[in-house]
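In: From the sequence below, what's the structure:
(chains A and B)
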2 protein chains.
Amino acid sequence: MTTALIRSREVRLKSRPAATPTSENFELAEVEVSTPGPGQVQIRNLWMSVDPYMRGRMTTRKSYVPPFELGAPLQGGAVGEILASNAEGFAPGDLVQTMRGWREAFTTAADAPDLHKLPNLGLPSEAYLHVVGLTGLTAYVGIKKIANVRAGDVVFVSGAAGAVGSTACQIAKIIGATVIGSAGGPEKCAFLKEIGVDHAIDYKAEPSLTATLEKLAPDGIDVYFDNVGGEHLEAALNNAKTFARFALCGTISRYNSGDTRDPSSVHLAVPKSLRLEGFIVSNYFQLMPGFVQEMAAWIAAGQIKWRQTVDEGIESAPAAFIKLFTGENFGKMLVKLA
Amino acid sequence: MTTALIRSREVRLKSRPAATPTSENFELAEVEVSTPGPGQVQIRNLWMSVDPYMRGRMTTRKSYVPPFELGAPLQGGAVGEILASNAEGFAPGDLVQTMRGWREAFTTAADAPDLHKLPNLGLPSEAYLHVVGLTGLTAYVGIKKIANVRAGDVVFVSGAAGAVGSTACQIAKIIGATVIGSAGGPEKCAFLKEIGVDHAIDYKAEPSLTATLEKLAPDGIDVYFDNVGGEHLEAALNNAKTFARFALCGTISRYNSGDTRDPSSVHLAVPKSLRLEGFIVSNYFQLMPGFVQEMAAWIAAGQIKWRQTVDEGIESAPAAFIKLFTGENFGKMLVKLA
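Out: Numbers count the residues shown, from 1 in each chain, chains lettered A, B, ... in the order given. Purely as a prediction, here's the structure:
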C-alpha cells in the first residue's frame, strides 16, 4: 500500500543551554515524511512527553546516554497512531509508543528497537507516557527493587507531586508504608493529601527541612526516594534510621544551577549503615510487562491517581519543557500533538 | 582461690577535644583492682589498641555507640592474660580479648559480653587486635560482603597503608582484583608495593586525585573502599564505572576538622547507578569465627602482611592515639602494656 507524502514539524536543539533552557535554545523546522517502504510504518504522534532527564542530554558532558545533536530533532517518549503500514502486525489506527517525540510524524522500520505496540488495557493513551510508562516504572523500580519498601516503613519522597514522585508515594501506600511527601506550594501539598500521602511538606515554606522531617518522623525514616538532591538529600541523611535505604532517582535541584555542592551529611552513611543506590530506569526494562499488568490493576481499583498538565501543539513543546524547571507544571507535563 | 590486691593505672577522658585531641584531654589515674569473687577473673592487659573510631566517642553527638564519660576510663580493644580466676574454663595464663583497654589490669565477671578466650592458632597475641581482630574483620566485611569484590575488578582503597586499608588491599588481591591504594608519603607507598598493591598513589604529592585515578584506571573503578571521605570519595565518584560499589568504612579526613562539606559528586550516583553502602563492623560479629579461620590460613600461606607501630606503657596511650590523626603511625597503632 502507499500513502500520500505528509509534512511534519519538529523541534531541534539550536544551542546548548548554559543554565535553565530558554526558547532561544530551540528551533522549529518542517520536514517531509517519506512514504513507508517494505517493512516500514508511518506514524502520527498524538502525545509527547517532556522530562527533566532531557536537560542532561542537552549538554556534552559524559552521561549515561549520548547528548542530543545540535540541529537534529530532539528525542523523547511519544504515543502515536499508525497512519500507513507496510509491515505485518501493524495496521492503520494501531497505537504505538516510541522515543521519537518532539515531532509530529515520521516513518520508521517496524522492527525499530524503540517501537512498541500498546496493549489494550482500557487506559487513556497518554497514560503510557507517565503512570503506565517510564515514569511509572521508575517509581515502581525505586520503591520495590531499590528501596525494597515494606509494610510499616516510614518513606520520605521528594518532588512528591511530580510524575515519578506521586506514583512512588502511592505505590508505597499500597505496600503499607507511612509516606511523607515534599512539594513546592500549598496546591501541590493539597494534591499530596488527595493521593493519600500521610504528611505533606511545603518545602518552600520551611526554613529547615531537617527540622521539619524530624518533627514528622521522630523515630527517623526507613526509606528516602530522592528526586531532588541537595537540601532534601541532606535532610533525609540527617533523619535516616540505621540501615535506611535511599533510592536515588534524580537531582533536579542541580540540573540547571552552577552549584556543584552536594549535601554535607554523606559521611553519616558510615555510622548509620545507610545504603544509597542510584538507578536508571533503562536498566530495568525487563520489568515493564509485569509492571504494566500490576499498575493497570491498581488503576482499575482506584488506588493510583495522577495529574497531568497538557500544552497543545508541537510549537509549544519548548515552553512545556522549560516549565519543568520553573515548577509551573502540575503532575506529568505533556504536549498533545494531534 | 584468692590473689593479692593489685594496682592498675588507667587513662581517663578529662575533657572533650574540640578538634584534634591533645594530651590535655586525658588524665592518668591509679586504682585498686579487686580480688576476683565467685565467677570472676582478674586480667592483666598485655596489649591495647588505639583506633580512629574512638575519636567519635569523645564527643557527645549522637552516634552508633554512646559517648565516653568524662572522668571514667576509656574503652577499646585489649588482649590480656588471666592473673587469677574464680570461674570455670579460665585458668591463669589464658589469653583473653576484651573491650577493657586503656587500663593495666581489672577484674570482671567471666561471662561479661566483651570477654573472649583466644584460640591457639600460633599467631602473636597482638594480632587479635588488628589483622585477626576487628580491623581485619572490618576489611573482610567491606571487601567481601559490602562491595562483593570479584576477580578482575578494579578496586580503589583509600587509607591503604592503614590497618584496615592494607588488609582490604590484600584480601582484594587474594580474590584476584587489580588494586589501587592511596596513602600519604613515599614510605607508606613503598609498603603498598610490598604487600602487592598494583598502583600506589601518594595523595600528598598529587594535585588532583581525580586526574591521578583516571590515569591509573582509564576504564574506571568497580569498587571503592573508603576510609577517608572528602576528596578521596570525590575522586572515586568521578572515576566510578556504571554499577560500581562503594564500601563506606570511615571518613578520617573529617573526624577532627570543622569542615562539614562532603564531596561534590554524590549526584553521579544516579547516572552511574552507583551503590554506596556504609557499614559498622559490630553488625557483622557473627562472621568472626569464619573470618578468623580464613585469615589464619592466609597468614600461614604468607598472603597477608602487616605493619604495626608499638608504643610502650599505659602512660604513652594518649600520645599513641593522637598519632592516628597526624599520620605518624605506620600500620596498626598499638600500646604494649606488659
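In: what's the residue closest to the geometric middle of chain A?
Out: Closest residue to the average C-alpha location of chain A: A:T135 at 4.0 Å, with C-alpha atoms, centre = their mean.
In: Now do that one against chain B, distance only.
Out: Noted for A:T135: a distance of 15 Å to chain B, by C-beta to the nearest C-beta, to the nearest Å. C-beta here means a position set from N, CA and C on the backbone, and glycine is covered the same way.
In: thought that residue was touching A:A168?
Out: No. In this structure, A:T135 is not within contact of A:A168 by C-beta atoms under 8 Å, at 9.7 Å.
In: for the residue nearest to the centre of chain A, helix, strand, or coil?
Out: Per DSSP: H, G, I helix; E, B strand; the rest coil, the local secondary structure of A:T135 is helix.
In: if I pick it, what's in contact with it?
Out: Going by C-beta atoms under 8 Å, 6 or more residues apart in numbering or on different chains, A:T135 touches A:51, A:129, A:163-164, A:167, A:332.
In: between the residues you listed, which is closest to chain B?
Out: Distance to chain B across those (C-beta to the nearest C-beta) is lowest for A:V164, with 12.2 Å.
In: Contacts only, for the closest one.
Out: A:135, A:138-139, A:142, A:227, A:249-250.
In: please redo it, this time with the cut-off set to 7 Å
Out: Applying C-beta atoms under 7 Å, 6 or more residues apart in numbering or on different chains to A:V164 gives the contacts A:135, A:138-139, A:227, A:249.
In: Let me know the helix or strand that it is in.
Out: Secondary-structure assignment from DSSP states H and E places A:V164 in helix A:163-175.
In: How far off centre is that helix?
Out: Between the centre of helix A:163-175 and the centre of its chain there are 13 Å (C-alpha atoms, centre = their mean, to the nearest Å).
In: Could you list the buried residues of it?
Out: A:163-175 (16 or more other C-beta atoms under 10 Å in any protein chain shown).
In: sorry, back to before: quick one: which of the contacts of A:V164 is most hemmed in?
Out: Counting neighbours by other C-beta atoms under 10 Å in any protein chain shown, A:A139 comes out on top of those with 32 neighbours.
In: so what are the domain limits for chain A?
Out: Listed by automatic domain parsing, the domain ranges of chain A are A:6-130+A:306-336, A:134-282.
In: Could you report the neighbour count for A:A72?
Out: By other C-beta under 10 Å, 11 other residues sit near A:A72.
In: Including pLDDT, distance to B:K336 and secondary structure, could the contacts of A:V164 go into TSV?
Out: Listed next are the contacts of A:V164 as TSV, based on pLDDT from 0 to 100; distance: C-beta to C-beta, whole Å; DSSP: H, G, I helix; E, B strand; the rest coil:
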residue	pLDDT	distance to B:K336	secondary structure
A:T135	87	62	helix
A:T138	96	57	helix
A:A139	97	58	helix
A:N227	94	54	coil
A:C249	95	52	coil
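In: Please identify the one among those residues that lies nearest to chain B.
Out: Set against chain B, the nearest of those by C-beta to the nearest C-beta is A:C249 (6.7 Å).
In: wait, isn't that closest one in contact with A:V228?
Out: No. Counting by C-beta atoms under 7 Å, A:C249 stays clear of A:V228, with 9.3 Å between them.
In: circling back: in the buried residues of helix A:163-175, find the pair that's most separated.
Out: The largest separation in the buried residues of helix A:163-175, counting by C-beta to C-beta, is between A:A163 and A:I175 at 19.4 Å.
In: pLDDT below threshold where in chain A?
Out: Applying pLDDT under 70 to chain A flags residues A:1-5, A:62-64, A:254-263.
In: picking that back up, which one of the domains of chain A is the most hemmed in?
Out: Highest mean neighbour count among the domains of chain A (mean count of other C-beta atoms under 10 Å in any protein chain shown): domain A:134-282, with a mean of 22.
In: ok, what's across the strand from A:R12?
Out: With DSSP bridges as the criterion, A:R12 is bridged to A:E27, A:P73.
In: list the contacts for the residue of the stretch 101-250 of chain A found nearest chain B?
Out: Ranked by C-beta to the nearest C-beta, the top residue of the stretch 101-250 of chain A for proximity to chain B is A:L248, at 5.0 Å. Going by C-beta under 7 Å, 6+ apart, A:L248 touches A:226, A:276-278, B:269-270.
In: and if you look at A:L216?
Out: By C-beta under 7 Å, 6+ apart, the contact set of A:L216 is A:180, A:199.
In: that older thread, nearest to B:Q40, out of the domains of chain A?
Out: Closest approach to B:Q40 among those (C-beta to C-beta): domain A:134-282, 33.7 Å.
In: now do the same end-to-end measure for that closest one.
Out: End-to-end distance of domain A:134-282: 9 Å, with C-alpha to C-alpha, to the nearest Å as the criterion.
In: Pull the contacting residues for A:Q308.
Out: The contact partners of A:Q308, taken as C-beta under 7 Å, 6+ apart, are A:126, A:130, A:331-332, A:334.
In: Tell me which residues are up against stretch A:79-93.
Out: By C-beta under 7 Å, 6+ apart, the surrounding residues in contact with stretch A:79-93 are A:1, A:3, A:36-47, A:94-98, A:110, A:125-126, A:128-129.
In: mind listing the helices in the stretch 51-200 of chain A by residue range?
Out: Under the criterion DSSP state H, counting those that start in this stretch, helices of the stretch 51-200 of chain A are mapped to A:53-57, A:134-140, A:163-175, A:186-194.
In: B:A235: which of those helices is closest?
Out: Between the helices of the stretch 51-200 of chain A, helix A:53-57 lies closest to B:A235; by C-beta to C-beta that is 22.0 Å.
In: what's the distance between the closest one and the middle of its chain?
Out: Mean-position distance between helix A:53-57 and its chain equals 11 Å (C-alpha atoms, centre = their mean).
In: tell me which element A:S8 falls in.
Out: Here A:S8, judged by DSSP H and E, is contained in strand A:6-13.
In: If you count contacts, what does that strand end up packed against?
Out: Secondary-structure packing of strand A:6-13 (3 or more C-beta pairs under 7 Å, 6 or more residues apart in numbering or on different chains; DSSP states H and E): strand A:26-33, strand A:105-109.
In: what angle separates the last one from strand A:6-13?
Out: Between strand A:105-109 and strand A:6-13, the angle formed by their directions is 90 degrees, by axes from the mean of the first three to the mean of the last three C-alpha atoms, to 10 degrees.
In: which parts of the stretch 101-250 of chain A sit against chain B?
Out: Contact residues (C-beta under 7 Å from any C-beta of the partner chain) of the stretch 101-250 of chain A with chain B: A:229, A:248-250.
In: residues touching A:S316, list them.
Out: Shown in contact with A:S316 (C-beta under 7 Å, 6+ apart): A:V335.
In: quick one, phi/psi of it?
Out: phi -90, psi 0 (degrees, to the nearest 10).
In: so how far is A:R9 from it?
Out: Look at A:S316 and A:R9: by C-beta to C-beta, to the nearest Å, they are 11 Å apart.
In: And A:V281, by the same measure?
Out: Look at A:V281 and A:R9: by C-beta to C-beta, they are 29 Å apart.
In: can you check A:E30 too?
Out: For A:E30, the distance to A:R9 equals 5 Å [C-beta to C-beta].
In: ditto for A:R55
Out: A:R55 sits 22 Å away from A:R9, going by C-beta to C-beta.
In: Please apply the same query to A:S15.
Out: For A:S15, the distance to A:R9 - C-beta to C-beta - is 19 Å.
In: what does A:Y203 give?
Out: 38 Å.
In: go on, A:L192?
Out: Distance from A:L192 to A:R9, by C-beta to C-beta: 37 Å.
In: now for the contacts of A:T135, which pair is the farthest apart?
Out: Largest separation among these by C-beta to C-beta: A:D51 and A:T167, giving 13.6 Å.
In: which residues of the stretch 1-150 of chain A fall in strands?
Out: For the stretch 1-150 of chain A, strands defined by DSSP state E, counting those that start in this stretch occupy the ranges A:6-13, A:26-33, A:40-49, A:78-85, A:95-98, A:105-109, A:116-117.
In: Reformat the ones you listed as JSON lines; add distance to A:T59.
Out: Putting those into JSON lines (distance: least, C-beta to C-beta, whole Å) gives the following:
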{"stretch": "strand A:6-13", "distance to A:T59": "11"}
{"stretch": "strand A:26-33", "distance to A:T59": "15"}
{"stretch": "strand A:40-49", "distance to A:T59": "20"}
{"stretch": "strand A:78-85", "distance to A:T59": "23"}
{"stretch": "strand A:95-98", "distance to A:T59": "24"}
{"stretch": "strand A:105-109", "distance to A:T59": "25"}
{"stretch": "strand A:116-117", "distance to A:T59": "28"}
